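Colleague: dropping a prediction and its sequence here:
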Amino acid sequence: MRLVASSSRSLALLGASMALAACGSRTQVITATPAPAPAVPPVEVAAAPPRDTAEKPPVLAAPKALTLPPIVTRELPNGLRLMVVEHHELPLADFILLVRTGFEADPARQLGLAGLTSALLDEGAGRRTALQIADQAAYLGVRLGTGGGWDFSTVSLHTPTAQLDSALALFADVALRPTFPQAELDRLRQERITRIIQNRDQPTVIADQAYAESVFGQQHPYGRPTIGTEASLRSITRADVLRFYQSYYRPNNATLIVVGDVSPAEIERKVTALFGGWQRRAVPAVTYAQLPAAQPTKVFLIDKPGAAQSSFRIGTVGVARTTEDYFPIQVMNTILGGSFTSRLNNTLREVKGYTYGAGSGFSMRSQPGPFTARAEIVAAKSDSALLDFMKELRGIRDTVPAAELEKAKRYLMLQLPNQFETTTDIAQQLVPLAVYGLPLDYYNAYTQRIQAVTQADVQRVAQRYVDPAKLNIVVVGDAKSIEAGIRATKVGDVEVKGAAGAAVAP
């Protein structure tokens, strides 16, 4: 039965009656009428002042410089460099073994070899199979991984310091004693071939590869597919993988980044015991083909019949990571397309509604990488979007308003601390220092370097690196419905190709 009390007084009287009844007493419960409460004079409430409806966001304090713990460097006799940052807040440590060679070292006829090699490192090492490596990592409660990119390949470890010795032994096995089992090579090869076949129906992937090839050409490493091709992957043997590993995975071509609850002396001792026998050897130099000369702006329209969207990639050769213009470029690109409130995203998404998002960026590598503006545009607005892209690329070359400049600089400065929250974050941020030889105090001076960028700096780098008259424009979409509009923009000559790269007959 459910009882509902209408007031606290009623509930109290009910409880008293039940208690008396339980005692078996013959007691009469008398309820008295409460005396009226004394009159309370009304309280006068002052009228609220009229509300200021104007938008007044809080005023932010000046961004503070980020000061990192010191980076201690050591070098073993075999050439392996150590970069150690003590971070004692939690009993954790992160390790990144960084080999300073990546996709750029793929032989022309064996594209995908660098990525395949790094992926196979933890598929069998020492006396362990791939499953045994995974089981050991799970048992220790550690995270172990491998990866690759332009200019580097990695083996990474995240571990509680309580498991440090066992975790480092497993880490060293993967880095120094991979077995490259044939069965695992065949499996990973087939996975990549399957992905390549699937990518043939992905306009974004088609656009990315066609754009890289249009900017750098097929002879330059940056113009080739990092995943490889069906033919190149089928040609790669276990002997090729082993040869690549033995050529580039050498201590004198590597840096071990360590961040966490450790000391430099402890790390040097443990790493020497595990990696001291790793033999140095001369590492082959990577050669790069000469970059194609810049040509007048041209549109490469790749036909994807029935596509509801058009994938846009617009740009040219950019700069290397070591450029002296790094900070002005970061500020300039933040204004153009590097943030949600950037000009490209605001125009194409917020104002025009052509896309879910548009942006731009400089991919900076050991050699000048691409500058790219991009978006996925609703097909019916492909021509209008192209004109808006060009308008913003021309506009960034003018003097930017002071308020817009300060907003971009504050955006860059205030997001920096967020990139150093964990030991894993810190270790990842040290990678470009190791790969590109940046100064160890790079991040400590970051805020000041961004703050020093002027309107003249932004205009200078925009005029130097963003030239609307010399752009490669790749559009992947339904040529039948968008070709006429694209040609009518008169942005540049238009060449129509099929998704496989062959020219399409008019």
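Modeller: Cool, got the structure.
Colleague: could I get the full set of helices for the stretch 201-350 of the chain?
Modeller: In the stretch 201-350 of the chain, the helices defined using DSSP state H, counting those that start in this stretch lie at 203-216, 230-235, 238-248, 264-275, 326-336, 343-345.
Colleague: next, format those helices as JSON lines and append mean neighbour count.
Modeller: Where you see a C-beta, it was placed from the backbone N, CA and C, and this is true even at glycine. What follows is the helices of the stretch 201-350 of the chain, written out as JSON lines (neighbours: other CB atoms under 10 Å):
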{"stretch": "helix 203-216", "mean neighbour count": "21"}
{"stretch": "helix 230-235", "mean neighbour count": "16"}
{"stretch": "helix 238-248", "mean neighbour count": "16"}
{"stretch": "helix 264-275", "mean neighbour count": "16"}
{"stretch": "helix 326-336", "mean neighbour count": "24"}
{"stretch": "helix 343-345", "mean neighbour count": "23"}
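Colleague: any chance of those in a markdown table, plus mean pLDDT?
Modeller: A markdown table is the format used below for the helices of the stretch 201-350 of the chain (pLDDT from 0 to 100):
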| stretch | mean pLDDT |
| --- | --- |
| helix 203-216 | 97 |
| helix 230-235 | 97 |
| helix 238-248 | 98 |
| helix 264-275 | 97 |
| helix 326-336 | 98 |
| helix 343-345 | 98 |
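Colleague: now for these, which one comes closest to P70?
Modeller: Across the helices of the stretch 201-350 of the chain, P70 has its closest neighbour in helix 264-275 (9.7 Å, CB to CB).
Colleague: how about residues contacting the closest one?
Modeller: Helix 264-275 is contacted from outside by 72, 74, 76, 78, 80, 82, 84, 86, 164-165, 168-169, 172, 175-176, 251, 256, 258, using CB atoms under 8 Å, 6 or more residues apart in numbering.
Colleague: generate a PyMOL selection restricted to the buried entries among those.
Modeller: Buried residues within these, by 16 or more other CB atoms under 10 Å, are selected in PyMOL with:
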select buried, resi 72+74+76+78+80+82+84+86+164+168+172+175+176+251+256+258
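Colleague: now, the contacts of helix 264-275 that are in helices?
Modeller: L164, D165, L168, A169, A172, A175, L176 (DSSP state H).
Colleague: between the residues you listed, which is nearest P57?
Modeller: Out of the ones in helices among the contacts of helix 264-275, the member with the shortest distance to P57 (by CB to CB) is L164, at 46.7 Å.
Colleague: in the chain, where's the longest helix?
Modeller: helix 182-199.
Colleague: list the buried residues of that one.
Modeller: E184, L185, L188, R189, R192, I193, I196, N199.
Colleague: can you add distance to Y436 and pLDDT and give those residues back as a markdown table?
Modeller: A markdown table is the format used below for the buried residues of helix 182-199 (distance: CB to CB, whole Å; pLDDT from 0 to 100):
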| residue | distance to Y436 | pLDDT |
| --- | --- | --- |
| E184 | 32 | 98 |
| L185 | 31 | 98 |
| L188 | 29 | 98 |
| R189 | 32 | 97 |
| R192 | 28 | 97 |
| I193 | 33 | 97 |
| I196 | 30 | 97 |
| N199 | 30 | 95 |
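Colleague: got these as JSON lines, with distance to M413 columns?
Modeller: Shown next, in JSON lines, are the buried residues of helix 182-199 (distance: CB to CB, whole Å):
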{"residue": "E184", "distance to M413": "45"}
{"residue": "L185", "distance to M413": "46"}
{"residue": "L188", "distance to M413": "42"}
{"residue": "R189", "distance to M413": "45"}
{"residue": "R192", "distance to M413": "40"}
{"residue": "I193", "distance to M413": "45"}
{"residue": "I196", "distance to M413": "41"}
{"residue": "N199", "distance to M413": "38"}
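Colleague: and the two most separated of those residues?
Modeller: For these, the farthest-apart pair by CB to CB is E184 and N199; their separation is 22.4 Å.
Colleague: from E184, how far out is Q190?
Modeller: 11 Å (CB to CB, to the nearest Å).
Colleague: for F340, same thing?
Modeller: 41 Å.
Colleague: what mean pLDDT does stretch 110-122 have?
Modeller: Per-region confidence: stretch 110-122 scores 97 on mean pLDDT.
Colleague: would you mind pulling the contact partners of it?
Modeller: Contacts of stretch 110-122 (CB under 8 Å, 6+ apart): 101-107, 130, 133, 144-148, 153-155, 174-175, 178, 180, 184-185, 188-189, 192, 224-229, 232-233, 235-236, 240-241, 244-245.
Colleague: and if you look at stretch 396-407?
Modeller: Contacts of stretch 396-407 (CB under 8 Å, 6+ apart): 331-332, 335-336, 341, 343, 453-456, 458-459, 462-463, 466, 468.
Colleague: end-to-end on it?
Modeller: 15 Å (CA to CA, to the nearest Å).
Colleague: show me how the record splits the protein into domains.
Modeller: Following automatic domain parsing, the chain resolves into domains at 72-275, 298-498.
Colleague: okay then, goodbye and thanks.
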